[in-house]
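Colleague: Give the three-dimensional model of this entry:
(one chain, ligands or ions: 2)
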Amino acid sequence: MKICDVKVIVCSPGRNFVTLKIVTDEGVYGIGDATLNGREKSVVSYLEDYIAPALLGKDPHRIEDIWQYFYRGAYWRRGPVGMTAIAAVDTALWDIKAKVAGLPLYQLLGGRSRDKIMVYTHANGADIASTLDAVGKAVEQGYKAIRVQSGIPGVNSTYGVAKAGQKYEPADADLPTETVWSTEKYLNFTPRLFAAVREQYGDDLHLLHDVHHRLTPIEAARLGKALEPFHLFWMEDPVAAENQQGFKLIREHTTTPIAVGEVFNSIHDCQALIQNQWIDYIRSTVVHAGGITQLRRIADLAALYHIRMGCHGATDLSPVCMGAALHFDYWVPNFGIQEHMPHSELMESVFSVSYKFDDGYFTPGEAPGHGVDINEDLAKKYPYKRACLPVNRLEDGTLWHW
Ligand code: CS2
Ligand code: MG
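Modeller: Numbering: from 1, shown residues only. Ligands and ions are numbered 1, 2, ... in the order given. So this is what the prediction gives:
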């Protein structure tokens, strides 16, 4: 079997997605997500100009060798652009292998380790009252785990919170919008938010919270400690992780579980975090962490240190990534939870999916491969539209953590 065609499909059915399609001389094809939010075209170029020509003629069954070829062969290892491109190739090749075997992808990884996959969704609002309503709606939809974010009094735009009447979509403008952040207002407000949620909804719900790298380690330690009475499932991205040692300080002060990793693209980004047991969950997922081939190495390393997986699943990860991640989650022994930010009906008309939601849990479906496909004709109707993530400043204008 040989690879005879490689296509990069860019579309924007409500938001931008980049999809790689690898076609074989036997007619079987596979697809992989290659979306890097706000920087999509860099990955398109990486794939079209450098990877696609080198893939032609290769045996698609040699997934490991092809991964190493592009990782080591580039000379310039790691980085979000290159690793997203490699992830797309890897996902498409696993899709092909599973289709040839006539099996759902999770079977090739070792079969399922659970009956169903717990997911968490987002509940957010402009203030505590509307956030409480949003939590109630998520509970009605069956979710057992909910990420809670709220607008902060005195802060006019909060990342992670939808603008009035709109669905939450962080990449919102042709050029980055600038928002203002106040650490003090946030730290004083957030424990009150979680006290209100526990008061109204009791102790059984799993509650999560995303800090979006806005704090320093000692500030994050204060937040983790203040949130302990509300027993969060996790506190996510408390600080930026370039300095992995920052997590040591947080860890020494609080028992609130810590999750990080959605911006990681390599096992080396989390090596110290894992081996020092400074975290509890790794949030890396298929599209940004080098595909299934590298993600399972991260998971195996994490398992040695009692750390579980909690894959990123925002809407900028396409249904192709979600499908592949759900197969991974079904298999991975040290599974924790999967994020689920639902894609719109329009998005799911361009991408057909086999995965199913039922009462707070997903199953990946039994279709051969990862079970997600793209309708190329429909995709053409929604051309790329540049959309950037916002930039954050403190009240005095200082550019702040992101
Ligand atoms: C967020 C994302 O889902 C999450 O946990 O942090 O909304 C993230 O900001 C976006 O995926 C960025 O592209
Ligand atoms: Mg996050």
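
Colleague: you'd agree residue 173 is up against residue 388?
Modeller: Yes - assessed by CB atoms under 8 Å, residue 173 is found in contact with residue 388 at 5.9 Å. In short, each C-beta sits where N, CA and C put it, glycine included.

Colleague: Taking the chain, what residue is nearest to ligand 2?
Modeller: residue 210 (4.3 Å; CB to the ion).

Colleague: May I see the buried residues of stretch 58-77?
Modeller: Buried residues in stretch 58-77, counting neighbours by 16 or more other CB atoms under 10 Å, are found at 58, 60, 63, 66, 67, 69, 70, 71, 74.

Colleague: Hmm, I typed the wrong one, I wanted stretch 45-55.
Modeller: For stretch 45-55, using 16+ other CB under 10 Å, the buried residues are 46, 47, 51, 52, 55.

Colleague: quick one: contacts for the last one?
Modeller: Contact criterion CB atoms under 8 Å, 6 or more residues apart in numbering gives 3, 6, 22, 66, 89 as the residues in contact with residue 55.

Colleague: Tell me how far it lies from ligand 1.
Modeller: Here residue 55 is placed at a distance of 27 Å from ligand 1 (CB to the nearest ligand atom, to the nearest Å).

Colleague: swap in the third one?
Modeller: Between residue 51 and ligand 1 the distance, using CB to the nearest ligand atom, works out to 22 Å.

Colleague: quick revisit: filter the contacts of residue 55 down to the ones in helices?
Modeller: Of the contacts of residue 55, the ones assigned to helices by DSSP state H are 66, 89.

Colleague: circling back to that earlier point, check the buried residues of stretch 58-77 one by one and keep those near ligand 1.
Modeller: Among the buried residues of stretch 58-77, proximity to ligand 1 is found for none (CB under 6 Å from any ligand atom).

Colleague: from those, which two are the most distant?
Modeller: 60 and 74 (19.7 Å; CB to CB).

Colleague: Tell me which of residue 173 and residue 388 has more neighbours.
Modeller: residue 388 (16 against 12; other CB atoms under 10 Å).

Colleague: which residue packs closest to that one, ignoring adjacent ones?
Modeller: residue 176 (4.4 Å; CB to CB, 6 or more residues apart in numbering).

Colleague: now residue 51
Modeller: Using CB to CB, 6+ apart, the nearest residue to residue 51 is residue 85, at 5.7 Å.

Colleague: next SSE after the host helix or strand of that neighbour?
Modeller: For residue 85, the host element (DSSP states H and E) is helix 80-101. Of the helices and strands lying after helix 80-101 in sequence (DSSP H and E), the nearest is helix 105-109.
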